Every structure is written in structure tokens, then in C-alpha cells.
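S.K.: Got a sequence here, can you model it:
(one chain, ligands or ions: 1)
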Amino acid sequence: MTLRKAIALIAHDQKKDDLAAFAKSHEQAMKAFPIVATGTTGARIIDACPDLDVTRLKSGPLGGDQQIGALIATGDVGLVIFFVDPLTAMPHDVDVKALMRLAIVYDVPMALNRATAETRLKALA
Ligand SMILES: O=C(CO)COP(=O)(O)O
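M.R.: Numbers count the residues shown, from 1 in each chain. Okay, here's the model as predicted:
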């Protein structure tokens, strides 16, 4: 991991199109940061934004959310953008909750929808 803290990108399945479009429209701003992403989300971001420096972790249900939580705990993540699907039950809901908890514990900004993500990226620029 570089000295610059990473932006973590995560999206539930129903929100992956939205996050890929969001990343495309903010590619320039995000290019200055290493990106970490859960597995399937990361593949979508790499497709949409080939110039971004994306490290793909495990898929969310297989531990990817927890890996991002661990990176928060080690101080390697400076911003989490997580497009959450509020209408679908997830088998790994406890992992998502644990990730949110660590973002709170370590006071790392966590954008859970596009409107918040826009404000956070503007703040970074
Ligand atoms: O499930 C997720 C977040 O909880 C996202 O994982 P994927 O990016 O692998 O779909």
C-alpha cells in the first residue's frame, strides 16, 4: 500500500451500475489515489476506468468487506464509498455492519450514497 491512503469502493449488486458510472465521471479526481475494492465491484471499476490503480480484494460475501475493515484498522483507507442496496437482504449483513462499525471507530468518512460521495470527492480535490 502506498503512503497515500486508499479510497475503498464497494457496491451491492443492484448498485454496481451506479458506482461504475460514478467512478467513470470522477475518474480524474480518483486517479490520484490507490483504490481498493471488493472483488466483483473491483472488476466493474477496472472495466469502466482502466486508468485507475485498483486492488481487488475478495468478494463481499467471501470476506471482502472484512478485508476493507482491516485496512481501515491499519490506517490504509481514507475514504469508503459504499453504494448500499437498501431493499435486498444480504447473507453477509453482519460483515457490512462490522465494516461500518470500524469506519465509525476510526473516524473514516463513509459515503453510503451518491450525494454523499460527491461531497467527499469534492473535498479531496
Ligand atoms: O457484497 C458486497 C458488499 O457487501 C460487495 O462485494 P462484491 O463487490 O464482490 O460484489
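S.K.: tally of neighbours for residue 93?
M.R.: Residue 93 is flanked by 10 other residues according to other CB atoms under 10 Å. Where you see a C-beta, it was placed from the backbone N, CA and C, and this is true even at glycine.
S.K.: my bad, residue 55
M.R.: 14.
S.K.: what do you get for residue 44?
M.R.: Residues within reach of residue 44, counting by other CB under 10 Å, total 19.
S.K.: Now residue 21: closest residue in space that isn't a chain neighbour?
M.R.: Using CB to CB, 6 or more residues apart in numbering and skipping the chain neighbours, the partner closest in space to residue 21 is residue 48 (7.5 Å).
S.K.: Return the distance of that neighbour relative to residue 109.
M.R.: Distance of residue 48 to residue 109, computed by CB to CB, to the nearest Å: 23 Å.
S.K.: Not including adjacent chain positions, what is the nearest residue to residue 91?
M.R.: Nearest one to residue 91, counting by CB to CB, 6+ apart, is residue 61 at 6.2 Å.
S.K.: per-residue confidence for that neighbour?
M.R.: Looking at residue 61, its pLDDT is 97.
S.K.: State the distance from it to the ligand.
M.R.: 5 Å (CB to the nearest ligand atom, to the nearest Å).
S.K.: Nearest residue to the residue in the chain that the ligand sits nearest to in space, ignoring adjacent ones along the chain?
M.R.: Shortest the chain-to-the ligand distance, computed as CB to the nearest ligand atom: residue-wise this is residue 60, at 2.1 Å. Distances taken as CB to CB, 6+ apart place residue 38 nearest to residue 60, at 4.6 Å, with adjacent residues excluded.
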